[in-house]
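**Student:** what's the 3D shape of this:
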Amino acid sequence: MLDWENQNLLHKNRMEARANFYTYGNKESALTFMRGKSEGFKLLNGIWKFSYYENPKFVPSNFYTEEFDSDKLDDIDVPSCWQLKGYGQMQYTDEGYPFTVNAPHVPSENPTGIYIREFYLNKDEVKKQNIIRFDGVDSIFYLYINGKEVGMSKGSRLTAEFDVTDYIREGVNKIAIKVLQWSDSSYIEDQDMWWLSGIFRDIFIVSRDKVSIHDIFVKTHLDLEYKDAKLEINLELNNLMEAIEVEIEYTLLDVKNKVVTKDQKTMTLDKKESLKNIIDIKNPSKWTAETPNLYSLLITLKVGDKEQVVSQKVGFRKIELKDGNFYLNGKYFMLKGVNRHDHDPKTGRTVSRERIKKDLLLMKHHNINAVRTAHYPNDPYFYDLCDELGLYVMAETDLESHGFMWVKDLSRLTCDPTWKDAYVERIERAFHREKNHASIIFWSMGNESGFGENMRAMVARCKELDDTRLIHYEEDREGEVVDIISTMYSRVENMEEYGKNPHSKPRVICEYAHAMGNGPGGLKEYQDIFYKYKSIQGGFIWEWIDHGIEATDENGDIYYLYGGDYGDYPNNSNFCIDGLVFPDQKPSPGLIEYKKIIEPVKISEKNLELGEIKVKNMYDFISLDHLELKWEVVAGKTLLESGVADIDGIYPGMEGVVRIPIIDMDINLVNTDYYLNFSVVTKKTCSWAIAGHELAREQLLLPFRLEGEYSGKTNKDIRFEIFEKEHNLLVKGENFEVKFCKVRGKLLSYKLKGREVIEKAPFFNMWRAPIDNDMYIKEIWTKNYFKQMQESVRYIEIEITDEYIELIVEARVAPPVFEYGYDISYRYRIYNTGILEIGLEGVPKNEFPTMIPKLGLQLSINKNYENVSWYGRGEGESYCDSKLANQFGIYRKSVDELFTNYIYPQENGNRTDTKWVTFTTHKGDGFFVKSDRSIDFSAHFYTMEDLENATHSNKLKKRDFITLNLDYAQNGLGSNSCGQEQLPAYRLDAKEFKYNMIFVPFSKDEIDEVELNKKYKV
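**Tutor:** This next block holds a predicted model:
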């Protein structure tokens, strides 16, 4: 039987798993926590010799021998994924295996890579115990030192260590590694991600004394009042020599590195010894995500004159179940989380420390407090940062067999006793490496692998190993063995039912709000459920980052690849483009919205006439003393008042009343809204943000509006000329010209100061370029010919007066084949001042088969009108179910800046609740649009067809005109690519509608938009 097709063979000669730590020569070095300053640490990352083979049988049988000449082999970076270095096949699948399901057998054509390099050890190092460590190799590898086989390991995202003391020598040593892409492990490593192979995480060697600290497990136990603590230190000492007397010293330092306690003991160490030491600690500062207080524990092993120091960060905290909920340090808390995969658009699963840190800082900056390591252990550095910055971690092990869903037997391996050891070993290895992290409050057994005896065995073993944390696994939906009930993509109505009928165990939603493309929408409703029902303690959005692979086209433009772009089959296309941040770690509009929804301070009105507001603390553990509340009163673009309010003394869950001094403010601006804007910012710089970082914002409309008179749209002293031809009607006035088609009832031309505004006539539009979250409804829309709407003119009436000309067009807009549609009425009125008024109303006829994309007016305008200003929500894009992060104000952008460049092109850039919008040239000439109701608008240099047909952003080619949408309403976003459909409040069904807009010619040299708005009413 082949090693890589034997699920019962888990490794050869691999050491037992242990905690991740380093040993230092003195306390000063130990307190740096920098592995490069530890003793005997030698990083083997760098350039290795490499050769790739389609089949392991093609690998030279002597490749690992000292005689083998590797000079002619290729160079490769270690760590890296070999597919991204030009070897093998890139492939992305979400669920299904990319090979025939025949567990434990894998394809005989099994891509294999060999890695070779040399490393140097001096005479002191070779006298020590030498251990080589691999933090990630996919999926099975063999290790050879100086021509001898050392061992083998499986478990791609799990650490593997080998004792190579008997294989090394003084001077130059040769290391060779053989890696196979496929193994029996591939059946339980079927996570939603790219299939990438090779040595993708760090590899290093440690030379340690033969008398050493081998393992450490630190626990903290809080008393019944959650005040005082016991620090439990479990040590495993190793002695490869004769029995010897040693001294062990324990020193605990606080956050300022002041000694809290010190303890020591002397003993005779024989071979291996397990020790337990419990130290009482009076009222330590507790660790939470909001207060990531970390102590430094120094464990010093003295052997004669030699000193070894192990440093370990300690967070005092207690996680427990009580009354159907989980509590931290005796307090209820909520998870506001995300699921995170390792991903770099250039290097795949090889992720630098800098990038990991930026990920976590972005999470903290956007109010996220929890991470699920979907669906495998992360790089060890990740957990160090979560401890330090303050993030709750659901630590998931490297286990998923989702592909068995396709053979209708998801639980097959989970119920197969021959796979039991492979399952149980994975939680053991994950636990031991990560067991000392305060940030880890839950162990997760894996993902989407059904349920059965092997999962029960995993849970039992995890509880045996660790009595300080809770256990999660989503497929145990009845809570038979886990501590937390979990669901995926449960709809809001289901969550409501769960809340009304709570389980005896707490519930989280481990994946929800699929953040694919433009979206997700409806986040507020989910969060409202979490706040409403105590039994539901939050969830994790799927997911953090888009898994696009960076590419550059022939024009030098960067774009991102996804499944199928490499000729890979089967694949799941762009389903890996589903994150809250883009591949380059730039926040998406969805992340901006999520930050708003989960903000730690909520502000609402109490009595705005008196300037009274309510401030609610949404933190679980801390007061608002570390924050300050900045406020300003804005009318139009005028800042009237500003200041800072005191919000000290508002404790978790409490609400305080704050008075803003606006009672005596001078209110004299007419036809203008007055807004009270708030920004909640940090007072001091901390580990994850500088002073002044904004955590929350709010906006309240003040009841201070003064109505004034508006200007008329006509001028009795101005005349225009009318020219009628057989099919057209031409109107000429001072600095404007308008042409109508009398046959089709279309506005063909609208010229201002000789420049054409209209490039394509306005028309009633119901379509949008489908977003990823329209994935399923798009099929219905297409089947029912929503894109092929035909307009039939039924009636045209023309009215001519001295002050205006009006064209009324009655039409039927409907698809072929079916009988449903809209009776539409267009009303065009051109005043003698050049002001154009457009009215649009519609009545649905017969029953539409489903919700519709949008209702509105679309036209194309001259490309020179590319400078946009508007009064409405901004500055980012917004939609009816994703707009709370965007406040009302006056904003200015170019048409290019309105565009959101989603990896897979789709509808984007919409601005909701718009009161007016202007389009001007660089010289400031243009037109002002105002409606009798709030509208949505978007403008871009592409047609709907361009956005729908392009598969990548670089396929979009700018048009020489601007597509302008002025919409009555647009359907919500939802997250139905894998989640909630549009909620009823945001679902756009066919309905009667009516709205009117005016287009006012203007020049910024004469009047600005704000003053223009005060002049005209629709």
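**Student:** strand partners of the helix or strand where Glu628 lies, parallel vs antiparallel please.
**Tutor:** Using DSSP states H and E, Glu628 falls within strand 627-635. Sheet pairing for strand 627-635, assigned by DSSP bridges, gives strand 638-645 (antiparallel), strand 674-682 (antiparallel).
**Student:** just put those in CSV and tack on mean pLDDT and mean neighbour count.
**Tutor:** In this view, the C-beta of every residue, glycine as well, is placed from N, C-alpha and C. As requested, the strands paired with strand 627-635 are exported to CSV (pLDDT from 0 to 100; neighbours: other Cβ atoms under 10 Å):
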stretch, mean pLDDT, mean neighbour count
strand 638-645, 95, 13
strand 674-682, 98, 20
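**Student:** I figured Lys958 was touching Phe941, is that so?
**Tutor:** Yes: look at Lys958 against Phe941 with Cβ atoms under 8 Å: they come within range, at 4.3 Å.
**Student:** and those two? Which one has more around it.
**Tutor:** Phe941 (19 against 13; other Cβ atoms under 10 Å).
**Student:** need the contact list for Asn447.
**Tutor:** 191, 374-375, 396, 399-400, 402, 474 (Cβ atoms under 8 Å, 6 or more residues apart in numbering).
**Student:** pLDDT weak spots in the chain?
**Tutor:** In the predicted model, the chain carries no residue with pLDDT under 70.
**Student:** in it, which residue is most central in space?
**Tutor:** Computing the C-alpha centroid of the chain and ranking residues by Cα atoms, centre = their mean puts Trp544 first, at 2.4 Å.
**Student:** now for the longest helix anywhere in the chain, which elements pack on it?
**Tutor:** For the chain, the helix with the greatest residue count under DSSP state H is helix 420-434. On a contact count with 3 or more Cβ pairs under 8 Å, 6 or more residues apart in numbering; DSSP states H and E, helix 420-434 meets helix 380-389, strand 440-444, helix 453-465.
**Student:** which positions are bridged to Phe204 in the beta structure?
**Tutor:** Going by DSSP bridges, Phe204 forms beta bridges with Leu43, Arg133.
**Student:** just the endpoints, please. Distance across stretch 54-68?
**Tutor:** 20 Å (Cα to Cα, to the nearest Å).
**Student:** could you do stretch 148-159 as well?
**Tutor:** Span of stretch 148-159 from end to end, Cα to Cα: 22 Å.
**Student:** which among the helices and strands packed on helix 420-434 is found nearest to Ile780?
**Tutor:** strand 440-444 (36.3 Å; Cβ to Cβ).
**Student:** residues in contact with that closest one?
**Tutor:** 317, 319, 326, 328, 372-373, 383, 386, 392-397, 427, 430-431, 434, 462, 466, 469-473, 483-484, 510.
**Student:** helices - which of those residues land there?
**Tutor:** Counting by DSSP H, these contribute 383, 386, 427, 430-431, 434, 462 to helices.
**Student:** re earlier: residues contacting the residue nearest to the centre of the chain?
**Tutor:** 338-341, 359, 363, 371, 579-581.
**Student:** name the nearest residue to it, sequence neighbours excluded.
**Tutor:** Sequence neighbours aside, Arg340 is the residue nearest to Trp544 in space, at 4.2 Å (criterion: Cβ to Cβ, 6 or more residues apart in numbering).
**Student:** how many neighbours does that neighbour have?
**Tutor:** With other Cβ under 10 Å as criterion, Arg340 counts 25.
**Student:** ok, now the one 5 residues further on?
**Tutor:** The local packing count at Pro345 equals 21, with neighbours defined by other Cβ under 10 Å.
**Student:** my guess is it contacts Glu550. True?
**Tutor:** Yes: with contact defined as Cβ under 8 Å, Pro345 counts as touching Glu550 (4.0 Å).
**Student:** closest one to Asp913 out of the contacts of Trp544, please.
**Tutor:** Nearest to Asp913 out of the contacts of Trp544 is Leu580 (Cβ to Cβ; 23.3 Å).
**Student:** that closest one: how many residues sit nearby?
**Tutor:** By other Cβ under 10 Å, neighbour count at Leu580 equals 30.
**Student:** contact partners for it?
**Tutor:** 338, 515, 541, 543-545, 587-588, 590-591, 594.
**Student:** run the last query once more with 6 Å
**Tutor:** 515, 544, 588, 590-591 (Cβ atoms under 6 Å, 6 or more residues apart in numbering).
**Student:** picking that back up, in strands only, show me the contacts of Trp544.
**Tutor:** Mapping those onto strands (DSSP state E) picks out 338-339, 371.
**Student:** which of those residues lies closest to Asp305?
**Tutor:** Looking across those and measuring by Cβ to Cβ, the closest to Asp305 is Val371, at 44.3 Å.
**Student:** coming back round to it: the residue nearest to Trp544 against Ala370, yeah?
**Tutor:** No: with contacts counted by Cβ atoms under 6 Å, Arg340 stays clear of Ala370, the gap being 10.3 Å.
**Student:** for the stretch 801-950 of the chain, what spans make up the strands?
**Tutor:** 804-814, 821-831, 836-845, 854-862, 867-874, 887-894, 911-920, 925-940 (DSSP state E, counting those that start in this stretch).
**Student:** of these, give the one that comes closest to Phe21.
**Tutor:** Of those, nearest to Phe21 by Cβ to Cβ is strand 887-894, at 47.6 Å.
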